[in-house]
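1. Dropping a prediction and its sequence here:
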Amino acid sequence: MMNTLKHIVIIGLCALACLASPAFAEELSAQEQFLNSAFAPNVPVAKTLWLDAKTKSGVKKILRHDYHGLRVRYWQEGARTLWVLDEIGKYKPITVGVVVNDGAIEKLKVLAYRESHGWEVKHDFFTKQFIGAKLPQNKKLDRRIDGISGASLSVRALKKMAMLALYFDNVVSTP
């Protein structure tokens, strides 16, 4: 009886892994392509930003909720940093890659969009608005980002991730 139960659990887990793997592989591929495009020909080794109480307080001001992790992975080469961040749109997480160079956004790309509405934020016509954006002391972007009708929550999520990447860049760049 116990061996049968173990086999059922193992088969169930394998089935779940098979169902989830194409989407997961696609997300990893998008992240890898983004890293390669930002740091070609050699992607630097990933680093870790550990979130202390002060940093978490700054993050909470930007996100308007607690950050779920204790650390954030990033890549750095000179004054350029790359961040892969997640934020909930309406119901599901949106994954964005952000390259920051000398305190300004150089590139922002949606790597995985899981919502059924608001997918227009993935397009260049929208993400180009973030190029050159900075984060002054008030923790708001230094420019207005035009919204998209029907995608307000997705737009808000991308703005938060842009601000978060700029904030994290400032944390790791400040001695």
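-> Received it, and whenever you're ready, just let me know what you need.

2. switch to C-alpha atoms for all contacts and neighbour counts from now on
-> OK.

3. that's a strand at E120, yeah?
-> No - checked against DSSP: H, G, I helix; E, B strand; the rest coil, E120 lies outside a strand; its state is helix.

4. Averaged pLDDT, the helix or strand containing F168. What do you get?
-> Assessed by DSSP states H and E, F168 sits inside helix 152-173. Averaging pLDDT along helix 152-173 gives 94.

5. by contact count, what packs against it?
-> Applying 3 or more Cα pairs under 8 Å, 6 or more residues apart in numbering; DSSP states H and E, we find helix 152-173 packed against helix 53-63, strand 80-88, strand 93-101, strand 104-113.

6. Most tightly packed of these?
-> strand 93-101 (a mean of 24; mean count of other Cα atoms under 10 Å).

7. from the chain's centre, how far out does that one sit?
-> Distance of strand 93-101 from its chain centroid, counting by Cα atoms, centre = their mean, to the nearest Å, is 4 Å.

8. now swap in stretch 85-99 and tell me
-> On Cα atoms, centre = their mean, the centre of stretch 85-99 falls 5 Å from the chain's centre.

9. Show residues contacting it.
-> Here stretch 85-99 makes contact (Cα atoms under 8 Å, 6 or more residues apart in numbering) with 31, 34, 38, 80-84, 105-115, 153-154, 156-158, 160-162, 165.
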